[in-house]
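Asker: Take this sequence and fold it.
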Amino acid sequence: MLLNKIQQELKEAVEALIDAGCNYRLDDLERLYAPELTIVMLLPDGSVLNFDYQQNMEFFRQLRDSGAPPIDKTAEYNYIDVRDQFGYVIVTRQMDLGEGSKKIVFNLMLNKSNGVWQIYREQAVVISET
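Answerer: Model prediction:
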């Protein structure tokens, strides 16, 4: 995927998010996630999970505190778009969060504020489980 300068900047912000999340660096996650964060995850059975900023941070805190190994950072960037101060990224990942491997498509919506890209909405669809 050929990216212009602003798209590359957005991709680097998502790469930083993935690296921070996969290594449970809470200070970085606090900076990369907007306080108004909403996460919606669609599971294969059609059920939906919702998380807010605090619940998401607690999830990563529990993984860190339990001594969980780092999560694989491999990511396939499917789509990157920027409109003014808003960014949109679709990224597909194969992840094991302790319950078996899942292929998940993430739709990330970002807002650039004070020169920093922050994720304010994350929609995830689990498309397969192994």
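
Asker: And the strands in the protein?
Answerer: 33-42, 48-52, 76-83, 86-96, 101-113, 116-129 (DSSP state E).

Asker: Out of those strands, which is closest to residue 13?
Answerer: Evaluated over the strands of the chain, closeness to residue 13 peaks at strand 116-129, with 3.8 Å, by CB to CB. (Glycine included, C-beta is placed from N, CA and C.)

Asker: Okay, buried residues for that closest one please.
Answerer: Residues of strand 116-129 classed as buried: 117, 118, 119, 120, 121, 122, 124, 126 (neighbour count, 16 or more other CB atoms under 10 Å).

Asker: strands paired with that strand, and their directions?
Answerer: When pairing is defined by DSSP bridges, strand 116-129 lines up against strand 33-42 (parallel), strand 101-113 (antiparallel).

Asker: and the angle from it to strand 48-52?
Answerer: Counting by axes from the mean of the first three to the mean of the last three CA atoms, to 10 degrees, strand 116-129 lies at 160 degrees to strand 48-52.

Asker: distance between strand 116-129 and the chain's centre?
Answerer: Remark: strand 116-129 is offset 5 Å from the chain centroid, using CA atoms, centre = their mean, to the nearest Å.
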